[in-house]
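Enquirer: Show me how the following folds:
(chains A and B)
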Amino acid sequence: QVQLQESGPGLVKPSESLSLTCAVSGYSISTDYWWAWIRQPPEKGLEWIASVYYNGNTHYNPSLRSRLTTSVDTSKNQFSLTVTSMTAAETAVYYCARQPSAGAWSFDYWGQGTLVTVSS
Amino acid sequence: QSALTQPASVSGSPGQSITISCTGTSNDVGTYNLVSWYQHHPGKAPKLMIYEATKRPSGISNRFSGSKSGNTASLTIFGLQAEDEANYYCCSYTGTSLYVVFGGGTKLTVL
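Expert: Numbering: from 1, shown residues only, chains lettered A, B, ... in the order given. As a prediction, this is how the structure comes out:
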């Protein structure tokens, strides 16, 4: 049973950075899948943030690219996201998900999400 | 404003069928069959219901069916059950550097 679990600070001050980690269980992160970050602001739709492969290959949302850093830790079977210069508008539930391939662009397993509030 | 347009809400009685539409453009839904649908019960992990417009993942009931015509994809749920009450989101590949966009979501109420 593939399971993903996000972890993060919960509260971030405006202009500071957000760092999130997604722990994967039931499946090795070092296989032919990509791993994604998706967020949902309150009362709004979903927004794709980034996708990362275990070898370091990445795809980023171009509107966020300059503020994103992703990494994969195969020894811990987890992957991470850092977003710099956070604003209040980026208050959202952040999800991690598994993406079957770079060409599939669907997400077959998701975490439950972690709420990140950007506020001073 | 989301890139894909979905109705904000739909409703139906147990046993009935409902259809949720997802309208994009010729740059996404209209060109690619890479449309997926997700069921989301608040507080839980979203669940993949349909991928590549019409395919069901293993374990998903055949009461859920996906289709596409032109720039509009649709999710039909046959024989509504109480547990189907949830939010549903569509998603499409765009062929651009944005790669993928989602709809704003549709709240399904089972009366």
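Enquirer: So in terms of bridging, what pairs with the residue positioned nearest the centre of chain A?
Expert: Most central residue of chain A, judged by C-alpha distance to the mean C-alpha position with Cα atoms, centre = their mean, is residue A:37 at 2.7 Å. In this entry, residue A:37 is beta-bridged to residue A:50, residue A:96, by DSSP bridges.
Enquirer: OK, contacts around it?
Expert: Residue A:37 makes contact with A:20, A:22, A:48, A:49, A:50, A:51, A:70, A:81, A:94, A:95, A:96, A:97, according to Cβ atoms under 8 Å, 6 or more residues apart in numbering or on different chains. The way it works is simple: take the backbone N, C-alpha and C, and place the C-beta from them, glycine included.
Enquirer: Can you tell me how far the first one is from chain B?
Expert: Spatial separation of residue A:20 from chain B under the definition Cβ to the nearest Cβ, to the nearest Å is 15 Å.
Enquirer: Same question for the second one.
Expert: For residue A:22, the distance to chain B equals 12 Å [Cβ to the nearest Cβ].
Enquirer: is it true that that residue touches residue A:3?
Expert: No. Checked against Cβ atoms under 8 Å, the pair residue A:22 and residue A:3 is beyond contact range at 10.4 Å.
Enquirer: Highest neighbour count among the contacts of residue A:37?
Expert: residue A:96 (30 neighbours; other Cβ atoms under 10 Å in any protein chain shown).
Enquirer: Report the distance from stretch A:2-17 to the chain centre.
Expert: Distance of stretch A:2-17 from its chain centroid, counting by Cα atoms, centre = their mean, to the nearest Å, is 9 Å.
Enquirer: how about the strands in chain B?
Expert: Remark: strands assigned in chain B by DSSP state E are B:9-12, B:18-23, B:35-40, B:47-50, B:64-69, B:72-77, B:86-93, B:100-102, B:106-110.
Enquirer: Would the fifth one count as contacting chain A?
Expert: No. Among the residues of strand B:64-69, none lie within reach of chain A under Cβ under 8 Å from any Cβ of the partner chain; the closest is 11.3 Å away.
Enquirer: tell me how far that strand is from the chain's mean position?
Expert: 8 Å.
Enquirer: ok so, going back, which among the contacts of residue A:37 gets closest to chain B?
Expert: residue A:48 (4.8 Å; Cβ to the nearest Cβ).
Enquirer: avg pLDDT for the host helix or strand of the closest one?
Expert: When elements are assigned from DSSP states H and E, residue A:48 belongs to strand A:47-53. Mean pLDDT, computed over strand A:47-53, is 95.
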